[in-house]
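Chemist: Have a look at this prediction, sequence included:
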Amino acid sequence: MPLPPPQPRDELHLRRIEVRGFLRHDGLLDIEAHIVDTKSLPFEVGSQGRTLPPGEHLHDMTIRLTVDKAYLIHEALAVTEAAPHLVCPSAAASIAQLKGLTIGAGWNRAIREKLGGAKGCTHLSELLAQMATVAFQTLAPERIAVTGPLDANGRPLKIDSCYAYASHRDMVRVRWPEHYDGPVAAERP
């Protein structure tokens, strides 16, 4: 069901984020994220001493993480094509610090430690959380084919990890019927 129609309004800002996952021919994965911000009205960029015309990119940034199937980062690159401050493009180099990290538990904390505050660019750091999700989604077909980690009782850790995988939902009933604890459908004649 869509949102109800809005009240009359004027768009002032547009942020477009695109994150894509690729399987490279060498078996590694490239996860790429691109962010573009534009304004619908002229925007004063005081640090550059100019007015940005409507539709011109205020931010235009791209990150590429090259990871293996265990989510270990082999290469981390970023570029800033447009930013409101002349110094901003030099912050892209800080992304290289992610090489050697693994996307997984503690990922957002690691980003804050390595790139938080004055150590990196806020916009690039924000993209990294989205990139982690896309990395997992890129390998979803392989992950779905295996049960994954189990607890001490042999129950998949995926159960109750999110709304869809709640132990009483159909996803668990179909995939792991022995761990399903929802209502049992009435038997059909």
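Modeler: Structure received.
Chemist: rest of the way, CA atoms for contacts and neighbours
Modeler: OK.
Chemist: ok, which stretches of this protein are strands?
Modeler: With strands called from DSSP state E, the chain shows them at 13-23, 29-39, 43-45, 50-52, 57-67, 73-82.
Chemist: Make a markdown table out of these and add distance to residue 5 and mean neighbour count.
Modeler: Below are the strands of the chain laid out as a markdown table (distance: least, CA to CA, whole Å; neighbours: other CA atoms under 10 Å):
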| stretch | distance to residue 5 | mean neighbour count |
| --- | --- | --- |
| strand 13-23 | 19 | 15 |
| strand 29-39 | 23 | 21 |
| strand 43-45 | 28 | 14 |
| strand 50-52 | 31 | 14 |
| strand 57-67 | 28 | 22 |
| strand 73-82 | 34 | 18 |
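Chemist: can these go into a markdown table with extra columns for mean pLDDT and distance to residue 118?
Modeler: As requested, the strands of the chain are arranged in a markdown table below (pLDDT from 0 to 100; distance: least, CA to CA, whole Å):
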| stretch | mean pLDDT | distance to residue 118 |
| --- | --- | --- |
| strand 13-23 | 98 | 23 |
| strand 29-39 | 98 | 20 |
| strand 43-45 | 93 | 20 |
| strand 50-52 | 93 | 25 |
| strand 57-67 | 98 | 18 |
| strand 73-82 | 98 | 17 |
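Chemist: out of the ones you listed, nearest to residue 174?
Modeler: strand 13-23 (27.6 Å; CA to CA).
Chemist: residues in contact with the closest one?
Modeler: Applying CA atoms under 8 Å, 6 or more residues apart in numbering, the contact partners of strand 13-23 are 29-40, 130-131, 134-135, 138.
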